[in-house]
Every structure is written in C-alpha cells, then in structure tokens.
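**Student:** Here's a sequence, model it:
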Amino acid sequence: MANPLARLLDSLACALKGGVHVVRSQPNARLHLLAAALACAAGLHVGLSRAEWLWISVAIALVWSAEAFNTALEELADALHPERHPGIGRAKDAAAAAVLIAALGAAVIGMLVFAPHLG
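**Tutor:** Prediction:
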C-alpha cells in the first residue's frame, strides 16, 4: 500500500495537471482567469473587507468549478463518441450553460461587492 502522503501529493499533481489543461485548452477559461485576476487586483486596490473577499472567492471558485466540469464532460464525451451526436450536443450545451450561469452570478456578485467602493 502506498504512502498516504505520496497518494495525496499524486492526487494534487493530477488536479493541477487538470487545471493547466483547462486553461490551455479552453479560450473561455483564459477569460475567466483574466477576470479573476482583475477582480483580485481591484479588491486589493479598494481594500475589500473579509466578507467581501469571501463573496469574491466563492464567485471565482464557482466559475472555475463549472469550467472544469464543463471541460471534463466535453473531453469524456469526445473520447467516447467522437462523431456528432444530438444527445451529446445537448449535454455539452447544458454544461456550457452551467458555466454561463456561474459567470453571470459572479458578475452580479462582483457588481454588488464593488459598487459601494466606486462612489
């Protein structure tokens, strides 16, 4: 049986490799990365409170989670059924909708958090 620490580190390495794949393979992920970096920079600039950072962190995590799940579903679907298929197309569309919903929610959170700092 493998060392528990070694298994944990291996699992972390796989997760990081997956995250790198998401950023490299998905143009929208790169936009999400830019948006997250800008939100963090703006948060540092305006001096967000701990509670405000909590909301920004949750919004960023939700978008990235949705993007990672969307990429995983697309990769799996393409590997199992490379030809176009209406059912797979609908599943991919639904996963993309989840990313859009998360991104729109994050934008609302961003507006609610940053609006008081703009005036």
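**Student:** any idea how far Pro27 is from Lys92?
**Tutor:** Applying Cβ to Cβ, to the nearest Å, the value for Pro27 to Lys92 is 15 Å. (Each C-beta comes from the backbone N, C-alpha and C, glycine too.)
**Student:** out of those two, which sits in the more crowded spot?
**Tutor:** Between Pro27 and Lys92, counted using other Cβ atoms under 10 Å, the more crowded position is Lys92 (16 against 8).
**Student:** Please tell me I have it right and the more buried one contacts Leu73.
**Tutor:** Yes - assessed by Cβ atoms under 8 Å, Lys92 is found in contact with Leu73 at 6.7 Å.
**Student:** Which helix or which strand is home to Ala35?
**Tutor:** Assigned by DSSP states H and E, Ala35 belongs to helix 27-46.
**Student:** Now tell me what touches that helix from outside.
**Tutor:** By Cβ atoms under 8 Å, 6 or more residues apart in numbering, the surrounding residues in contact with helix 27-46 are 22-23, 52-53, 56, 59-60, 63-64, 67, 71, 99, 103, 106, 110, 113-114, 117.
**Student:** Could I get the full set of helices for this structure?
**Tutor:** For the chain, the helices defined by DSSP state H cover 4-25, 27-46, 50-80, 86-118.
**Student:** any idea which of those is most buried?
**Tutor:** For those, the largest average neighbour count (mean count of other Cβ atoms under 10 Å) is found in helix 50-80, namely a mean of 16.
**Student:** Show me what the mean pLDDT comes to for that one.
**Tutor:** When pLDDT is averaged along helix 50-80, the result is 98.
**Student:** elements contacting that helix?
**Tutor:** Packing partners of helix 50-80 (3 or more Cβ pairs under 8 Å, 6 or more residues apart in numbering; DSSP states H and E): helix 4-25, helix 27-46, helix 86-118.
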